[in-house]
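A.B. asks: Take a look and give me a structure for this.
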Amino acid sequence: MLPFLILIFSAYPLFIISFYFISGCSPYNIDLKNIFLPPFVDFDFPFGTNEFGQNLACMIGKGVLNSLKVSSLASFISFSIGTALGLISGYFGGIRDLLVSRLIDFFQGFPSLVFVIFIVAIFGGGDDKIILSLTVFGWTSFARIARVEAMRLKESDFILSARVIGLSSAMIILRYVLPFVVPAVFTQLFFSFSAFILAEGGLGFLGLRPAKSLSLGAIISDEMDYIMTYPRLVIFPGLALTSLVVVFNLLGQHIMKKKIRRQSL
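C.D. replies: The predicted model follows:
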């Protein structure tokens, strides 16, 4: 059932991205002679145009790509930092575990969205600032999982045997602990994608994204004045944002179920 739902919800974003690349359109072109073109009339404008004559499908395609870029970079950086800190904390214990655990508690107890908005509002809404601010909080969920897995594995027989034959802690972590921890943490990667896509869209909706970096949230915000007369201007980008979030959530659930099924065998 989940693979079927993933296929359904991924169809719309894939169509938008394909159209953007195949058509070679520009999301920034303004054509006041073709304002508010209706959808599904011209193949070059499958979703019609907005009040400036801009190609709505092209704008959404660019917004989807920007959302995927920001969320993927933020997720993989968070994945790397969180997994590394979680491994160090769980494997070595002691003062290292105490410090990492307190850092996790602090960042998870802090209102992350408020911090992200503060950073973007002060230093600007460039992609690098957004990725950095998302990463500051995003690593904690990966660190928690990696820490628990490392604590469980470090007392395993094969780890104890590796210590007996004189392997260094770094070698044991890289060769014997990391391969078991990564699959456990990998599932969280897809849920982080969803969370970061929503966060990036929210920042765009609040006007904290630069105009050159089209955001699905910014498109929705800009067209809210026409929601009663031209609802498609809000529905189409909103559907793209919703589809992206649902797809990555479903992927995470699918991988989690497969993992649980393998463990039960």
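
A.B. asks: any low-confidence regions in this structure?
C.D. replies: Under the criterion pLDDT under 70, the flagged ranges of the chain are 125, 211, 263-265.

A.B. asks: For the residue nearest the centre of it, which residues are in contact?
C.D. replies: By CA atoms, centre = their mean, the chain has its centre lying nearest to residue 193, at 2.2 Å. Contacts for residue 193 (CB atoms under 8 Å, 6 or more residues apart in numbering) come out as 71, 72, 75, 248. Using the backbone N, CA and C atoms, a C-beta is placed for each residue, glycine as well.

A.B. asks: Is it correct that it falls within a strand?
C.D. replies: No: in this structure, residue 193 is helix, not part of a strand, as judged by DSSP: H, G, I helix; E, B strand; the rest coil.

A.B. asks: So that it lines up with my notes, have the first residue be 53 from now on.
C.D. replies: In the new count, where the first residue is 53, that last one comes out as residue 245.

A.B. asks: what's the nearest residue to it if we skip its chain neighbours?
C.D. replies: Leaving out its chain neighbours, the residue that sits closest to residue 245 by CB to CB, 6 or more residues apart in numbering is residue 300, at 4.1 Å.

A.B. asks: Just give me the closest of the contacts of residue 245 to residue 282.
C.D. replies: Using CB to CB, residue 123 is the member of the contacts of residue 245 that lies nearest residue 282, at 28.4 Å.

A.B. asks: Which elements pack onto the helix or strand harbouring the closest one?
C.D. replies: Under the criterion DSSP states H and E, the helix or strand holding residue 123 is helix 108-144. Contacts defined by 3 or more CB pairs under 8 Å, 6 or more residues apart in numbering; DSSP states H and E place helix 108-144 against helix 54-75, helix 146-161, helix 179-205, helix 221-224, helix 230-257, helix 268-274, helix 284-316.

A.B. asks: redo that, cut-off 6 Å
C.D. replies: Contact partners of helix 108-144 among helices and strands, from 3 or more CB pairs under 6 Å, 6 or more residues apart in numbering; DSSP states H and E: helix 54-75, helix 146-161, helix 179-205, helix 230-257, helix 268-274, helix 284-316.

A.B. asks: just to revisit the earlier point, any idea how far the residue nearest to residue 245 lies from residue 248?
C.D. replies: As judged by CB to CB, to the nearest Å, residue 300 and residue 248 stand 9 Å apart.

A.B. asks: Same question for residue 54.
C.D. replies: As judged by CB to CB, residue 54 and residue 248 stand 21 Å apart.

A.B. asks: Looking at those two, which one has more neighbours?
C.D. replies: residue 248 (26 against 13; other CB atoms under 10 Å).

A.B. asks: Now that one. Nearest residue, chain neighbours left out?
C.D. replies: The nearest residue in space to residue 248 (CB to CB, 6+ apart) is residue 123, at 3.8 Å.

A.B. asks: burial of that neighbour, as a residue count?
C.D. replies: Residue 123, neighbours per other CB under 10 Å, totals 27.

A.B. asks: ditto for the one 5 residues further on
C.D. replies: By the criterion of other CB under 10 Å, residue 128 has 15 neighbours.

A.B. asks: roughly how far apart are it and residue 226?
C.D. replies: Plainly put, residue 128 is 19 Å away from residue 226 if you go by CB to CB.

A.B. asks: Residue 124 now?
C.D. replies: In this structure, residue 124 and residue 226 are 25 Å apart, going by CB to CB.

A.B. asks: ok, back up a step: can you lay out the helices and strands packed on helix 108-144 as a markdown table showing distance to residue 116?
C.D. replies: Conversion of these to a markdown table gives the following (distance: least, CB to CB, whole Å):
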| stretch | distance to residue 116 |
| --- | --- |
| helix 54-75 | 6 |
| helix 146-161 | 29 |
| helix 179-205 | 15 |
| helix 230-257 | 9 |
| helix 268-274 | 7 |
| helix 284-316 | 6 |
